[in-house]
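**Student:** sequence isn't available, so here's the structure alone:
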C-alpha cells in the first residue's frame, strides 16, 4: 500500500474559525484513522455558529459550493457536517467528483448495526439524510438539554447532558445511536457514550473517513 | 498506527475446498486493503457447492456456528457470504463477539450510494439482508444467465454473462449494483463492471473488510 499515491480529500468545515488547528480537527481524525488519505481542511467564511437551523443552512450552501470549486483538483470532497449541507449542490456543480458528507455516511454505517436508529444531535429535526435514506428506521431525534450549538458541546455540562440524552434514546428502543453533529466527534464522545450506554454510537467524522477510505481503495 | 496490536478476524468460508490458497482469497483481499487486520480463514466441511439455495443454507448453518465457536478468541468474525448465513445464530451463540457478513455490510455500503439498489447474484432470490434492511430500495435481483454456482463465475462465459446482467440492472433504474455473491469478489469483477456500466458496483468482500476495519478503529 505504501507505493500508492495519497488520496487527496478536500474537507469543508461549515463552522468558521480563524484557528487553523480547530479547522483541521476533523481532517486530523480522518488521517489518524485512515492511512493513505491526505486531507486539506478549509472553512466557509462568516458562519461563526455553524449550521444549527434551516435558515443558517440556506445561507451556508452557496459558500460551501464556492469552496468546493476550489477543491476541484482533489480526489474527493467531504462536507464535514451531519446534515450534508451543499452535498447535492456540489454534485451538480462538479459532476464526476466523489462527494459525501457526515449525514449519509453515518446513516449508512448505522444501518449496518440496527434497524432502529436514534439520532443525538444539536437540533430537534433529523439531518436530511435520515429522512431520505432511513425514515422508517428512525426511532427518535433527541437534543441534549441546554445544547444549542457545537460550542455548547465542549463544556462539562454539555457532555453530561449528552449522556442523559443517549440513555433516553436507548430507552426509546434504538439499537444504535447516530451522532447528529460532527461537533460531537471533535470532542470524542462516541467511544465514551458507547461504553456508558452499551449500544454502538456512530461518529460522523469516522463515518465520513470510512467512505473516503472506501473510495480510495476501490479505484 | 504501527504500535497497535493487530485486529484478529476469523473468516468463515461457506464453500469447502482443500486448497488453502483458495480458502484464503477473501482474507487476503481484506488484508491487502485494510491495514492492521489479521485474517485467519477457514471453510466449513462438506459444502462443495457453497450456498446457492435455501436448502444448502439450512445444512450449512450449524457447521458455520460450530466453526465460529473455534474462533471465539478472535476480535471479530466474518461470515464471508452475501446471504449472511449463520450470522444471527453466531450472535446468539457468542454474545459480545462482533459478527457480520457480506450481505448486511454490502447493503449498508450500497445504501450510501443510491436509494435504488440492484442485486447481481447467483441465485434469483435477494440475499436476506436486503429483505430485512432495504426492501423498499431493492429495484431488482438479477442472475447472470448460465451461472449457477461460484464456480461458473470463473469462466469467460460467466464474466460476459455478468456484464450483460449488470447492464440490465442499470436499465431497470438501479443507481448502484450490489454483488450478491462473494465469488464475484474473488474474481475481481466489481471494478471492471463499474468501469463498463458507469454506476458504483459494491464488492461484498471489500464491504466486509470495511466494517471489520471500522470495528478495529472505533475501539
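**Tutor:** Now that the structure is in, tell me what you want to look at. None of these values were measured; they are calculated from a predicted model.
**Student:** hmm, the helix or strand of chain A with the lowest mean pLDDT in reach of chain B?
**Tutor:** Within chain A, confidence by mean pLDDT, DSSP states H and E is lowest for helix A:183-186 among all helices and strands, at a mean of 75. No. Applying CB under 8 Å from any CB of the partner chain, one finds helix A:183-186 out of contact with chain B, separated by at least 11.3 Å. Every residue, glycine included, has its C-beta placed from N, CA and C.
**Student:** what residues sit buried inside stretch A:87-94?
**Tutor:** In terms of neighbour count (16 or more other CB atoms under 10 Å in any protein chain shown), stretch A:87-94 has its buried residues at A:87, A:89-91, A:93-94.
**Student:** quick one: average pLDDT of that stretch?
**Tutor:** The average pLDDT for stretch A:87-94 rounds to 97.
**Student:** can it be found next to chain B?
**Tutor:** No. Under the criterion of CB under 8 Å from any CB, stretch A:87-94 makes no contact with chain B; the nearest approach is 11.5 Å.
**Student:** tell me the gap between that stretch and the middle of its chain.
**Tutor:** From the chain centre to the centre of stretch A:87-94 is a distance of 17 Å (CA atoms, centre = their mean, to the nearest Å).
**Student:** what does that stretch rub up against?
**Tutor:** A:61, A:64-65, A:68-69, A:72, A:77, A:79, A:97, A:99-101, A:103-104 (CB atoms under 8 Å, 6 or more residues apart in numbering or on different chains).
**Student:** same thing but at 10 Å, please
**Tutor:** Stretch A:87-94 has contacts (CB atoms under 10 Å, 6 or more residues apart in numbering or on different chains) with A:12, A:61-62, A:64-69, A:71-72, A:74, A:77-79, A:81, A:84, A:86, A:97-104, A:128-129, A:132.
**Student:** which of the residues you listed fall in helices?
**Tutor:** A:61-62, A:64-69, A:102-104, A:128-129, A:132 (DSSP state H).
**Student:** how many residues are close by residue A:173?
**Tutor:** 11 (other CB atoms under 10 Å in any protein chain shown).
**Student:** picking up where we left off before, name the next helix or strand following the least confident helix or strand of chain A along the chain.
**Tutor:** The first helix or strand that comes after helix A:183-186 along the chain, using DSSP states H and E, is helix A:189-197.
**Student:** from residue A:193, how far out is residue A:137?
**Tutor:** 20 Å (CB to CB, to the nearest Å).
**Student:** got it, and residue A:9?
**Tutor:** Distance, residue A:9 to residue A:193, by CB to CB: 26 Å.
**Student:** got it, and residue A:155?
**Tutor:** For residue A:155 relative to residue A:193 (CB to CB), the value is 16 Å.
**Student:** those two - which one has more neighbours?
**Tutor:** For residue A:155 and residue A:193, the more surrounded residue by other CB under 10 Å is residue A:193, and the numbers stand at 26 against 13.
**Student:** which ones are touching the more buried one?
**Tutor:** By CB under 10 Å, 6+ apart, the contact list for residue A:193 reads A:120, A:159, A:162-163, A:165-167, A:169-170, A:177, A:179, A:184, A:199-201, A:203.
**Student:** show me where pLDDT drops low in chain A?
**Tutor:** For chain A, the stretches flagged by pLDDT under 70 are A:1-3, A:150, A:186.
**Student:** how about the helices in it?
**Tutor:** For chain A, applying DSSP H gives helices covering A:20-23, A:25-33, A:54-70, A:87-93, A:102-113, A:128-133, A:156-171, A:183-186, A:189-197, A:204-217.
**Student:** which helices and strands sit right next to the second one?
**Tutor:** With contacts defined as 3 or more CB pairs under 10 Å, 6 or more residues apart in numbering or on different chains; DSSP states H and E, the secondary structure elements packing on helix A:25-33 are strand A:7-13, strand A:37-43, strand A:76-79, helix A:183-186, helix A:204-217, helix B:204-217.
**Student:** as CSV, those with mean neighbour count and distance to residue B:142 would be great.
**Tutor:** Shown next, in CSV, are the helices and strands packed on helix A:25-33 (neighbours: other CB atoms under 10 Å in any protein chain shown; distance: least, CB to CB, whole Å):
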stretch, mean neighbour count, distance to residue B:142
strand A:7-13, 24, 32
strand A:37-43, 19, 34
strand A:76-79, 27, 30
helix A:183-186, 26, 39
helix A:204-217, 26, 24
helix B:204-217, 26, 16
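**Student:** mind putting the ones you listed in TSV, distance to residue B:55 included?
**Tutor:** Below are those laid out as TSV (distance: least, CB to CB, whole Å):
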stretch	distance to residue B:55
strand A:7-13	44
strand A:37-43	45
strand A:76-79	44
helix A:183-186	46
helix A:204-217	34
helix B:204-217	22
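**Student:** looking at these, which is closest to residue B:53?
**Tutor:** Closest to residue B:53 of the helices and strands packed on helix A:25-33, according to CB to CB: helix B:204-217, at 18.4 Å.
**Student:** what angle do strand B:37-43 and the closest one make with each other?
**Tutor:** Calculated by axes from the mean of the first three to the mean of the last three CA atoms, to 10 degrees, helix B:204-217 forms an angle of 130 degrees with strand B:37-43.
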